[in-house]
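> Here is a sequence with its predicted model. Questions after.
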Amino acid sequence: MAADDGDIIFEIADYSNPTHKEAIEVMMAQYAEDPMGGGEALDPSILSSLAGELAKVPGAFTVIALAKGPSFPFLSATCDQPAGLVNCFMGFSTFACKPLVNVHDCAVHPDYRRRGVCSRMLACCEAEARKRGCCKITLEVLANNNVAKAAYVKDGYVGYELDPAMGGAEFWQKKLKDTAGCSSWLLVNRNAPTPSITTGTALSGFKVT
């Protein structure tokens, strides 16, 4: 799928395409160094591996915006300036019993902001989500990123909540620094008796080595 908007083309990236691979690297590097992306450069080894690793993730897709111009000679002659990127992953809504699309990264190059690039990329995401039979699209946004929030609201996105009295959902994380140790424990103890777990009780006595 590709859409031409004058001097910018929007399409689903082909992770094996060198032009698209370079565009993903350029946009993710720029996004990571932006204050809204954390303000820290990504390791070059991560950038060079991204497209290949994304290709291994079932259902993953990336919408890229490529502008026509000579700014990046290592890309194609007709569409060579990365203007934006949206990385998406498949999820599942248990309440609707249908798949969903989660927007994991959404970035627009500074040179192309306030030109509707974000809206067009999200429209491409929505078209792909509908084609896959998804019930909705989810995304995360920093609380103080008012520019992005305004753009999302304009495109029909709202904060997630079930009951207003319970408040809106928050996005939390826990980084796993010792996954190898966890896997080792599971392998070593695969024949151990399964503990009895009662709903609503805390688990204790587990040790990761």
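Happy to help now that I have it.

> Kindly list the main-chain dihedrals of residue 11?
According to degrees, to the nearest 10, the main-chain angles of residue 11 amount to phi -160, psi 160.

> likewise residue 88?
Dihedral pair for residue 88: phi -130, psi 150, per degrees, to the nearest 10.

> ok, now residue 99?
phi -70, psi 160.

> Backbone dihedrals for the nearest residue to it once chain neighbours are set aside, please?
Once its chain neighbours are removed from consideration, residue 99 has its nearest residue in residue 134; the separation is 4.9 Å (CB to CB, 6 or more residues apart in numbering). (C-beta placed from N, C-alpha, C; glycine too.) When read as degrees, to the nearest 10, the backbone of residue 134 gives phi -80, psi 150.

> got a pLDDT number for the residue sitting nearest the centre point of the chain?
Centre of the chain computed as the mean C-alpha position; nearest residue by CA atoms, centre = their mean is residue 104, 2.0 Å away. Predicted confidence (pLDDT) for residue 104: 96.

> how much space is there between residue 172 and residue 145?
Counting by CB to CB, to the nearest Å, the gap from residue 172 to residue 145 is 18 Å.

> okay, the two: which has more neighbours?
It is residue 145, of residue 172 and residue 145, that has more neighbours when counted by other CB atoms under 10 Å, with 13 against 5.

> Nearest residue to the more buried one in space, ignoring adjacent ones along the chain?
The spatially closest residue to residue 145, leaving aside those adjacent along the chain, is residue 36, at 5.3 Å (CB to CB, 6+ apart).

> Also residue 85?
Excluding the flanking residues, the one nearest residue 85 by CB to CB, 6+ apart is residue 27, at 3.9 Å.

> Any stretches of this structure with poor pLDDT?
Counting by pLDDT under 70, the chain shows low-confidence ranges at 1-6, 69-80, 178-209.

> How are the strands of this structure distributed by residue range?
Counting by DSSP state E, the chain forms strands over residues 2-5, 8-12, 61-67, 81-93, 98-108, 137-139, given from the N-terminal end onward.
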